[in-house]
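Novice: Show me the folded form of this:
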Amino acid sequence: MYQPRKNTFIYKFFSWYIRYIIKKDFAAFNYDEIETKQDAAILILANHFSWWDGFFIFYINKRVFKRQFHVLVNAENYNSVGFLKYLGAFASENKSRDVLQTLNYAGQLLNDPKNLVLVFPQGQLHSNHSRSIDFKKGVMQMINSSHKNIAIVFAATFVDYFGKRKPTVQTYLQTWETEEYVSLQLLKSAYNKHYDQSVVKQTEITE
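Specialist: Residues are numbered from 1 along each chain as shown. Next up is the predicted model:
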């Protein structure tokens, strides 16, 4: 598997650069201020519709959660976007045994309350107009390989232009109170409930 790498200079530079390009390319970036347990790692489940998605959550983490950022990406992005590995990206080499090792690695990251792990449960890019978010089975392998002391956060992000030349980004966040028994279907259902409610809020915005 491909693991994150550390380079303080590169990390600090791209932390600044991500903040810069978000402010440069968008009219506004709005997100919810939520609290999570300090003694638990954070698992963020988010919709995936653009090149920006990981950077949006990276920015939010710097402002709200303040944890060590990690994100599961595919091998192509890990290798083609060279700086991602220095921002906490990790990936499998797309071999069946390596996929399992990567998911178990994510579970180990979730055992440390200093960590935040971002996962796009759809597994690939989909339209921002998707009516529901599908979940791949690997999400549960990740959770089950951890000690399950996790704060699960749902993130639903939407982009609209309204009356401006540049678009506005809105990320709706919700902490999900984990059930004693968590199944893939239960997790998917809970996330999509949040997603549906976020769509309603987004369509009620007027300018």
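
Novice: Remind me what the longest helix anywhere in the chain packs against, helices and strands.
Specialist: With residue count as the measure and DSSP state H as the assignment, the chain has helix 184-203 as its longest helix. In terms of contacts (3 or more C-beta pairs under 8 Å, 6 or more residues apart in numbering; DSSP states H and E), helix 184-203 is packed against helix 138-144, strand 150-160, strand 168-176. C-beta coordinates here come from the backbone N, C-alpha and C atoms, glycine included.

Novice: okay if I get those as CSV plus mean neighbour count?
Specialist: Converted to CSV, the helices and strands packed on helix 184-203 look like this (neighbours: other C-beta atoms under 10 Å):
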stretch, mean neighbour count
helix 138-144, 19
strand 150-160, 22
strand 168-176, 19
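
Novice: Tell me which of the ones you listed lies nearest to Arg67.
Specialist: Each of those has some distance to Arg67 by C-beta to C-beta; the shortest is strand 150-160, at 9.9 Å.

Novice: Convert the C-alpha atoms of the closest one to PDB, please.
Specialist: Taking only C-alpha atoms (Å, rounded to 0.1, in the frame of the first residue of the first chain), the coordinates of strand 150-160 have been written out as PDB:
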ATOM      1  CA  ILE A 150     -14.800   6.900  16.700                       C
ATOM      2  CA  ALA A 151     -16.700  10.100  16.200                       C
ATOM      3  CA  ILE A 152     -18.400   9.700  12.800                       C
ATOM      4  CA  VAL A 153     -19.100  12.900  11.000                       C
ATOM      5  CA  PHE A 154     -21.300  13.200   7.900                       C
ATOM      6  CA  ALA A 155     -20.400  15.900   5.400                       C
ATOM      7  CA  ALA A 156     -22.500  16.900   2.400                       C
ATOM      8  CA  THR A 157     -21.100  19.600   0.100                       C
ATOM      9  CA  PHE A 158     -22.800  21.500  -2.600                       C
ATOM     10  CA  VAL A 159     -21.700  24.300  -5.000                       C
ATOM     11  CA  ASP A 160     -24.000  27.000  -6.400                       C
END
